[in-house]
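A.B. asks: Only the shape, not the letters, is given here:
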Ligand SMILES: [Zn+2]
């Protein structure tokens, strides 16, 4: 597996590594129903390209947004399936059986690398709907992208010890807690979307630096375009990320900026154009 990942990185290097700026894999992008008219697919794809984003893990409510953007930028968009059809389902989906039917229908029709991003806290992880979602992810060999507290992450790993989980926003947990969780679960990765205290003003925060150095393979950056207006922030977020990443050793910065994302899901759907 390691050899395969190394080979893939070498193969991707001429296309990606040749850029003057550090390429970015954005692990937290949404393109939901209310974004399509504000930022049409062509414009959204152009914003990703302008930002130097070489891969973006995209999910949307409903999934049509992801499919539209995938059609526009198949070289960039890495599709993930969100269990929401409309804005506002993030607090109701855990008790809504129709979510499972919806996921099954989409999984029959399209290919994905992950299910998420979903919001799930504490003991709710053991309700029937999240349980069935975890079973579907296992069956289809998909990652789980969880906006969750550490408690729900633990419960997800109990439901499927072989799960691969991308922890959205690193759970908004402290660096000490994130470190503890990464040390405990080798199949846990974290995106740093919608938080800024780890790298403000082009400097890596003192409490975060040892965590990035200890787990350079487990972090990714992300914009979190949870409202349409955030799309215009994509290039700025990439520039902001490059600034704080420059305060880390170059090999660690490259991994967090793009290599981890490519290794994890950059080629998951097979050969890309
Ligand atoms: Zn999100």
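C.D. replies: Happy to help now that I have it. Small disclaimer: the values here were computed from a predicted structure and weren't measured.
A.B. asks: Show me where the stretch 151-273 of the chain has its strands.
C.D. replies: 165-167, 188-191, 219-220 (DSSP state E, counting those that start in this stretch).
A.B. asks: and the last one, what other elements does it pack with?
C.D. replies: With contacts taken as 3 or more Cβ pairs under 8 Å, 6 or more residues apart in numbering; DSSP states H and E, strand 219-220 sits against strand 188-191, helix 260-261. All C-beta atoms are positioned from the backbone trio N, CA, C, and that covers glycine.
A.B. asks: among those, which is nearest the ion?
C.D. replies: strand 188-191 (8.9 Å; Cβ to the ion).
A.B. asks: ok, back up a step: okay, the helices and strands packed on strand 219-220, which one's buried deepest?
C.D. replies: helix 260-261 (a mean of 26; mean count of other Cβ atoms under 10 Å).
A.B. asks: still on that earlier bit, how about CSV for the strands of the stretch 151-273 of the chain, with mean pLDDT added?
C.D. replies: Compiled in CSV, those are given as follows (pLDDT from 0 to 100):
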stretch, mean pLDDT
strand 165-167, 98
strand 188-191, 98
strand 219-220, 98
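A.B. asks: Can you lay out those strands as TSV showing distance to the ion?
C.D. replies: Below are the strands of the stretch 151-273 of the chain laid out as TSV (distance: least, Cβ to the ion, whole Å):
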stretch	distance to the ion
strand 165-167	11
strand 188-191	9
strand 219-220	13
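A.B. asks: Which among those is found nearest to residue 25?
C.D. replies: Proximity to residue 25 (Cβ to Cβ) singles out strand 219-220 among those, at 6.2 Å.
A.B. asks: Please point out which parts of the helix or strand that contains residue 66 sit buried.
C.D. replies: Using DSSP states H and E, residue 66 sits in helix 64-72. Neighbour counts over helix 64-72 (16 or more other Cβ atoms under 10 Å) mark 65, 66, 67, 68, 69, 70, 72 as buried.
A.B. asks: now swap in stretch 199-207 and tell me
C.D. replies: The neighbour-count check on stretch 199-207 (16+ other Cβ under 10 Å) flags 199, 204, 205 as buried.
A.B. asks: And stretch 133-150, by the same measure?
C.D. replies: Buried residues in stretch 133-150, defined by neighbour count with 16+ other Cβ under 10 Å: 133-134, 136-137, 142-150.
A.B. asks: show me the contacts for the closest residue to residue 207 other than its chain neighbours.
C.D. replies: Nearest non-adjacent residue to residue 207, counting by Cβ to Cβ, 6 or more residues apart in numbering: residue 175, 4.6 Å away. Residue 175 makes contact with 198, 205, 207, 208, 211 under the criterion Cβ atoms under 8 Å, 6 or more residues apart in numbering.
A.B. asks: Show me where the stretch 51-200 of the chain has its helices.
C.D. replies: Applying DSSP state H, counting those that start in this stretch to the stretch 51-200 of the chain gives helices spanning 64-72, 98-109, 128-139, 150-159, 175-184.
A.B. asks: Switch these over to CSV; also include distance to residue 259 and mean pLDDT.
C.D. replies: Listed next are these as CSV, based on distance: least, Cβ to Cβ, whole Å; pLDDT from 0 to 100:
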stretch, distance to residue 259, mean pLDDT
helix 64-72, 22, 96
helix 98-109, 28, 97
helix 128-139, 24, 98
helix 150-159, 24, 98
helix 175-184, 17, 98
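A.B. asks: Which among those helices is found nearest to the ion?
C.D. replies: Per Cβ to the ion, nearest to the ion of the helices of the stretch 51-200 of the chain: helix 64-72, 12.9 Å.
A.B. asks: Pretty sure residue 211 sits against residue 178.
C.D. replies: Yes - counting by Cβ atoms under 8 Å, residue 178 is a contact partner of residue 211 at 6.2 Å.
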